[in-house]
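Engineer: Any chance you could fold what I've pasted below:
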Amino acid sequence: MSDSTPDIGTLPVPTLGRIVLYTLSQADVDQILCRRVDRRSISERVRCGAWPYGAQAHIGSDVHAGDVYPMIIVRVWGRAPTSAVNGQVFLDGSDVLWVTSVTAGVGHGSFSWPGSERHGSHLPPRRD
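Structural biologist: As a prediction, the model looks like this:
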């Protein structure tokens, strides 16, 4: 859930199909990395027969807690601006992340609306 909630008077009511911006938590990152493999790992497994026939490989760019990705709302739990939602987070890779019961907020594991002050620039954080 979010670290804090913005003024609900300024928030839209979440609705099915809306695209919002989701901020990854460390638990999200751990879940994503648990499913992902790299090309070298896949090649080695295929060569030795350890890659199951028809298995889906999840490959993608590095992810970090605090990274922001688009999320489509697939379920809404209420009719208020503070209602929790389920969504599919579109990662930069061959996979998506299903998140449940997340709310609008400003912390990791929450979503915000495009164009909000929090994500006005949509630029990723610098990794020096």
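Engineer: mind listing what G78 touches?
Structural biologist: Going by CB atoms under 8 Å, 6 or more residues apart in numbering, G78 touches A84. In short, each C-beta sits where N, CA and C put it, glycine included.
Engineer: which residue sits farthest out from the middle of the chain?
Structural biologist: Farthest-out residue of the chain from its mean C-alpha position, per CA atoms, centre = their mean: C48, at 33.6 Å.
Engineer: phi, psi of the residue lying closest to Q88 once chain neighbours are set aside?
Structural biologist: In space, and not counting its chain neighbours, Q88 is closest to V96: 4.9 Å by CB to CB, 6 or more residues apart in numbering. Backbone dihedrals for V96, given as degrees, to the nearest 10, come out at phi -130, psi 170.
Engineer: ok, what's across the strand from V96?
Structural biologist: On the basis of DSSP bridges, V96 is bridged to F90.
Engineer: Low-confidence stretches in this structure?
Structural biologist: Residue ranges of the chain with pLDDT under 70: 1-9, 116-128.
Engineer: State the number of residues packed around the residue nearest to Q88.
Structural biologist: Number of residues near V96 (other CB atoms under 10 Å) recorded here: 16.
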